[in-house]
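Chemist: dropping a prediction and its sequence here:
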Amino acid sequence: MQEREQGISAAAKRESAPKTSRRARPHGHERAAEQATGLPAGLTPDAVRSLQRSAGNAAVARTVQRRKPTANAPKEHFATKATDHPEWPLFQEMMDKGGFPADVTESAWQLLLGGLVEQDQLNTQSADTSIDPAERRARRASNTWYRELVNLVGDHLRVTTPTMALWSGGFDVSKYAQAKGHTSLEFTRLGKIVDQLELHANWKLQAPLWNVLSRAFVERATGPVHVFLRAYNPDSVLIAQEIPQLRIIQKLNPAVEILWHPLYTNPDGTLREIAPDLRLTDDAAYRSRDKCVSVMYNYLLRLHDTNNKAAATAYGEMNELLAENVNAKAPQGQGEGGKRE
């Protein structure tokens, strides 16, 4: 660890932002679809597969969806003065309650802060537009400090329920999956701790940590994995990273099966699952991703109430994707109701 500290010392000493004080922590109709949006009134699984292929050609994996830092988040790395970081007392308390030894807590904390410094450097290097886009993404994802953190405490990413959950569409979906009896990354022993931390004001320094944790989490799948979708995005970490990784694990362990759940948000914010006949129900699992996405899109196209702001983001993202890929020749101005809010 001393060698690690020396390696970041020069970069960390250039930090000049003042220390940040401890903050208060914030604790998250049938319609004519073609006339309204210029998009097809229904989607078959074949149409969804076509959409996935065309969108996937240009896919760039995004960071895992997590809660972003508040305005009071620290603006320096604190790598050479780790215990001065305003989140250190909280981290120390949570690790102690979790039963982690003091030396593991200190090492994990230094790896987190050192990871911020390295990620800053990696992001700067990958900003060079003369570098191939794939190489730029690979550089941003090559944080060795975050990987060493997983090597140190990654076993604490194991699920605490019989089944694992993956999700896309906002943190409420993760909470929904947990309430249904599944374990998502944020509700693992380690995930709970990291999820409470605001390590830095620049989310681009902390977001790659979640990508590393996500890969390690999926690697630990040993049985059924339930995937909850409130919105479908072929560029999301779920679709671009987690599911392909899970497919590899399936080949090694037949006990790992994927069950897909399409979700819709009611005006009051409650989540319901979409049955094959487009009824909203408490449980609707599909063994096919294409069937799941087809059901979700057909519900949004046919039955979504445009006055329902709680479902506006999912509806908007669907329309954007359809307009760009399924209905690329649609006249300008059609489907404006689908713009992301």
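Modeler: Looks like it came in fine.
Chemist: and the strands in the stretch 101-250 of the chain, which stretches?
Modeler: Ranges of strands within the stretch 101-250 of the chain are 164-168, 225-229, based on DSSP state E, counting those that start in this stretch.
Chemist: show me what the first one is packed against.
Modeler: The helices and strands touching strand 164-168, judged by 3 or more C-beta pairs under 8 Å, 6 or more residues apart in numbering; DSSP states H and E, are helix 171-179, helix 203-219, strand 225-229. The C-beta positions use only the backbone N, C-alpha and C, and glycine is treated the same way.
Chemist: report the angle between the first one and strand 164-168.
Modeler: With axes from the mean of the first three to the mean of the last three C-alpha atoms, to 10 degrees applied, the angle from helix 171-179 to strand 164-168 works out at 160 degrees.
Chemist: tell me which of the helices and strands packed on strand 164-168 lies nearest to Val159.
Modeler: Nearest to Val159, of all those, is helix 203-219, at 8.5 Å by C-beta to C-beta.
Chemist: so which elements touch the lengthiest strand in the chain?
Modeler: Criterion DSSP state E: the longest strand present in the chain is strand 258-265. The contact analysis (3+ C-beta pairs under 8 Å, 6+ apart) places strand 258-265 against helix 171-179, strand 225-229, helix 243-252, strand 271-274, helix 289-302.
Chemist: most tightly packed of these?
Modeler: strand 225-229 (a mean of 24; mean count of other C-beta atoms under 10 Å).
Chemist: partner strands of that strand and their direction?
Modeler: strand 164-168 (parallel), strand 258-265 (parallel) (DSSP bridges).
Chemist: got a markdown table for those strands, with distance to Pro101 and mean pLDDT too?
Modeler: Output for those, formatted as a markdown table (distance: least, C-beta to C-beta, whole Å; pLDDT from 0 to 100):
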| stretch | distance to Pro101 | mean pLDDT |
| --- | --- | --- |
| strand 164-168 | 27 | 96 |
| strand 258-265 | 36 | 98 |
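Chemist: how about those in JSON lines, adding mean neighbour count?
Modeler: Putting the strands paired with strand 225-229 into JSON lines (neighbours: other C-beta atoms under 10 Å) gives the following:
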{"stretch": "strand 164-168", "mean neighbour count": "26"}
{"stretch": "strand 258-265", "mean neighbour count": "23"}
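Chemist: would you list the helices and strands packed on strand 258-265 in TSV and tack on mean pLDDT and distance to Val159?
Modeler: Compiled in TSV, those are given as follows (pLDDT from 0 to 100; distance: least, C-beta to C-beta, whole Å):
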stretch	mean pLDDT	distance to Val159
helix 171-179	95	11
strand 225-229	97	9
helix 243-252	95	14
strand 271-274	98	21
helix 289-302	95	21
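Chemist: Ser130 is nearest to which of these?
Modeler: helix 243-252 (28.4 Å).
Chemist: could you figure out how far the closest one is turned away from strand 225-229?
Modeler: Going by the same axes, to 10 degrees, helix 243-252 makes 160 degrees with strand 225-229.
Chemist: contacts for helix 243-252, please.
Modeler: 166, 215, 218-219, 221, 225, 227, 256-258, 289 (C-beta atoms under 8 Å, 6 or more residues apart in numbering).
Chemist: residue contacts, the nearest residue to Arg140 once chain neighbours are set aside?
Modeler: Closest residue to Arg140 apart from its sequence neighbours, by C-beta to C-beta, 6 or more residues apart in numbering: Ser126 at 4.8 Å. Going by C-beta under 8 Å, 6+ apart, Ser126 touches 135-137, 139-140.
Chemist: what's the answer for Asn253, then?
Modeler: Asn253 neighbours (C-beta under 8 Å, 6+ apart): 221-222.
Chemist: switch the cut-off to 7 Å
Modeler: Going by C-beta atoms under 7 Å, 6 or more residues apart in numbering, Asn253 touches Thr222.
Chemist: thought Tyr146 was touching Val212, still the case?
Modeler: Yes. Using C-beta atoms under 7 Å, Val212 and Tyr146 qualify as a contacting pair, with a distance of 4.3 Å.
Chemist: the two: which has the busier surroundings?
Modeler: Tyr146 (24 against 21; other C-beta atoms under 10 Å).
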